[in-house]
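1. here are the coordinates; sequence isn't available:
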């Protein structure tokens, strides 16, 4: 294998990420979102949107919500992968329900695998605030492949 990270399964890779000094992938550090929980076929991210994530309408850019959703959706898939296997998002669907602002506070995005086959996997997730109010939900399809 070209990359030693792939000598272990997806759950172990995600635990290593969560335990790393940064506690997140570089994109997560940049956008203030972190993987905070994993389980078989499940991943949860949390983040706090700020003014640095605003669009010209002074609300959080939809790309921020799409990124936290894509992260949770993909990591949910990664939890079911064995050693030497990886994935990539090939389709992402996001439904925006309401805008986020700095008043929104901490949001949680939980995703679960719907189907995991040898070459494709699908997952669904929801982005909610501390009170459970829904801001966005989505789904993704991931290509699963061998890492060599």
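-> Nice, I can see it. Note that the structure is predicted; figures quoted are calculated from it, not measured.

2. longest helix of the protein?
-> In terms of residue count, the longest helix belonging to the chain (DSSP state H) is helix 62-78.

3. need the helix or strand of the protein with the lowest average pLDDT.
-> helix 26-31 (a mean of 92; mean pLDDT, DSSP states H and E).

4. which residues touch it?
-> 22, 34-35, 45, 47, 53, 64, 67-68, 71 (C-beta atoms under 8 Å, 6 or more residues apart in numbering). Yep, even glycine has a C-beta here, placed from its N, CA and C like the rest.

5. repeat that for 7 Å
-> If you take C-beta atoms under 7 Å, 6 or more residues apart in numbering as the criterion, helix 26-31 is touched by 22, 34, 47, 64, 67, 71.

6. quick check: mean pLDDT across stretch 109-116?
-> In this model, stretch 109-116 has a mean pLDDT of 98.

7. name the residues that touch that stretch?
-> Contacts of stretch 109-116 (C-beta under 7 Å, 6+ apart): 41-45, 68-69, 72-73, 76-77, 80, 121-127.

8. good, wrapping up.
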